[in-house]
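Novice: Next comes the sequence, and after it the predicted model I'd like to discuss.
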Amino acid sequence: MAHPPLHAGKHPVKQMQRRPRSKRASRDTVLAWMILTPLLFYYTVFGVVPVAANLFLSFFHWNGITEWVWAGLENYLHLLTDPYYLQVYANTAFFAVMSVLIQIPLGLLVAILVNQKIRGMGVYRSLWYVPVVTSAAIMSQVVVIFMAPYGGVLNGMLKSLGLNPVIWLVNVDALRAVILGFTVWKGVGAIMVLYLAALQSVPNELYEAAAIDGANNAQQFRFITVPMLRNMTTFVVITSIIGGFQIFEPVLLISNGGPYNQTNVVINQIYNDAFKNMDFGRATASSTLLALVLLVGSVVTTRMSRSAEGNSP
């Protein structure tokens with residue numbers, strides 16, 4: 001009995017091999033979408049939609065009750081020209097820049113110190129990290145008690161040193177120093193942990209080879225530790241800038257932006273505009289500007305780090 005001729009390129013064995021693979025690929029695709037769908041839904045509902053709604057609302061005047069009134073770019077122009085808001089942006093930049101300049105070197109120094117192999121070092125690491133996981137609201141209330149004009153711990157220390165007591169809530173420079181110190185104290189532990197993880201990933205063989213070649217500790221830090229920590233430093237700088245511009249709890253609970261708007265910051269002003277002044281259009285416009293500033297700062301920092309890495313020998 002004659003067999004039917006086989007068509008070119010349609011071998012029956014190859015067709016049988018392709019069908020199971022096709023079914024397997026379809027099952028993998030369906031399984032992947034089943035896993036990703038809840039994540040995509042969560043990201044859309046709690047990420048994309050709020051951002052889009054925030055941007056849309058920033059072009060309107062709305063108090064949360066009455067009808068929306070089209071404002072165009074009026075909210076943005078007001079934020080960029082009003083001296084009150086310009087002072088808020090200047091305060092925020094001051095706290096962000098100063099906290100970054102203090103936190104990063106201090107976090108690196110603490111990480112180097114707690115990276116030593118001595119007894120009980122785990123306790124010291126935990127003590128440095130405790131402020132990170134402690135409630136900022138509780139810590140702020142403790143600071144307020146310390147700042148009490150009569151019977152406060154800080155004024156008690158000043159009196160013991162023969163200095164005059166300070167009325168902290170009306171002294172702008174002293175209040176800024178307290179808020180800045182609070183921010184550094186709250187955030188240095190997280191930077192310490194990041195740098196500690198990066199330090200422990202540096203091979204010991206590099207330090208041993210450098211020591212054999214006669215390099216001292218300073219030279220080892222400059223030519224081995226710093227280059228090996230470059231990527232972590234970029235990450236720390238970006239996250240520290242974002243965290244510095246998002247300072248909120250100490251301002252709200254310690255100074256409330258005073259005196260005379262001298263310690264007010266963007267996040268606190270957004271809170272005031274939205275829930276005290278009932279001006280959601282201005283609050284959303286301010287949050288949009290803050291997001292743009294953080295985005296530009298992150299991009300610039302990343303590109304500068306890559307440029308420095310490419311120009312390094």
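Specialist: Done, it's in.

Novice: which ones are touching residue 88?
Specialist: Residue 88 is in contact with 261, 264, 265, 266, 269, counting by CB atoms under 8 Å, 6 or more residues apart in numbering. Yep, even glycine has a C-beta here, placed from its N, CA and C like the rest.

Novice: Past the one helix or strand it maps to, which element shows up next along the chain?
Specialist: In the assignment (DSSP states H and E), residue 88 maps to helix 83-114. Using DSSP H and E, the helix or strand that follows helix 83-114 in sequence is helix 121-133.

Novice: about what we covered before: filter the contacts of residue 88 down to the buried ones.
Specialist: Among the contacts of residue 88, the ones that count as buried by 16 or more other CB atoms under 10 Å are 264, 265, 266, 269.

Novice: Among the residues you listed, which lie within helices?
Specialist: Judged by DSSP state H, helices contain the following of these: 266, 269.

Novice: any idea how far residue 102 is from residue 195?
Specialist: 15 Å (CB to CB, to the nearest Å).

Novice: Counting neighbours, go ahead and name the busier of these two.
Specialist: residue 195 (24 against 17; other CB atoms under 10 Å).

Novice: Is the more buried one in contact with residue 105, as I believe?
Specialist: No: using CB atoms under 8 Å, residue 195 makes no contact with residue 105, being 10.4 Å away.

Novice: Not counting sequence-adjacent ones, nearest residue to residue 168?
Specialist: Leaving aside its chain neighbours, residue 168 sits nearest to residue 147 (4.2 Å; criterion: CB to CB, 6 or more residues apart in numbering).

Novice: can you check residue 106 too?
Specialist: Spatial nearest neighbour of residue 106, chain neighbours left out: residue 188 (5.3 Å); criterion: CB to CB, 6+ apart.

Novice: do the same with residue 93
Specialist: Take residue 93 and drop its neighbours on the chain: the residue closest to it by CB to CB, 6+ apart is residue 245, 7.9 Å away.

Novice: And the pLDDT at residue 90?
Specialist: Among the per-residue scores, residue 90 holds a pLDDT of 93.

Novice: The helix or strand containing the residue nearest to residue 106 - what's its average pLDDT?
Specialist: Secondary structure assignment for residue 188, by DSSP H and E: helix 172-200. For helix 172-200, mean pLDDT rounds to 90.

Novice: Give me the buried stretch members for it, please.
Specialist: Here helix 172-200 shows 175-176, 178-180, 182-196, 198-199 as buried, counting by 16+ other CB under 10 Å.

Novice: Output the contacting helices and strands for the helix or strand just after it.
Specialist: From helix 172-200 onward toward the C-terminus, using DSSP H and E, the following helix or strand is helix 204-212. Under the contact criterion of 3 or more CB pairs under 8 Å, 6 or more residues apart in numbering; DSSP states H and E, helix 204-212 touches helix 217-220.

Novice: where does this structure have low pLDDT?
Specialist: 1-21, 308-313 (pLDDT under 70).

Novice: how near is the closest residue to residue 199 other than its chain neighbours to residue 61?
Specialist: Counting by CB to CB, 6+ apart, residue 199 lies nearest to residue 115, which is 5.0 Å off, once chain neighbours are set aside. Here residue 115 is placed at a distance of 55 Å from residue 61 (CB to CB).

Novice: Thank you kindly, that will do.
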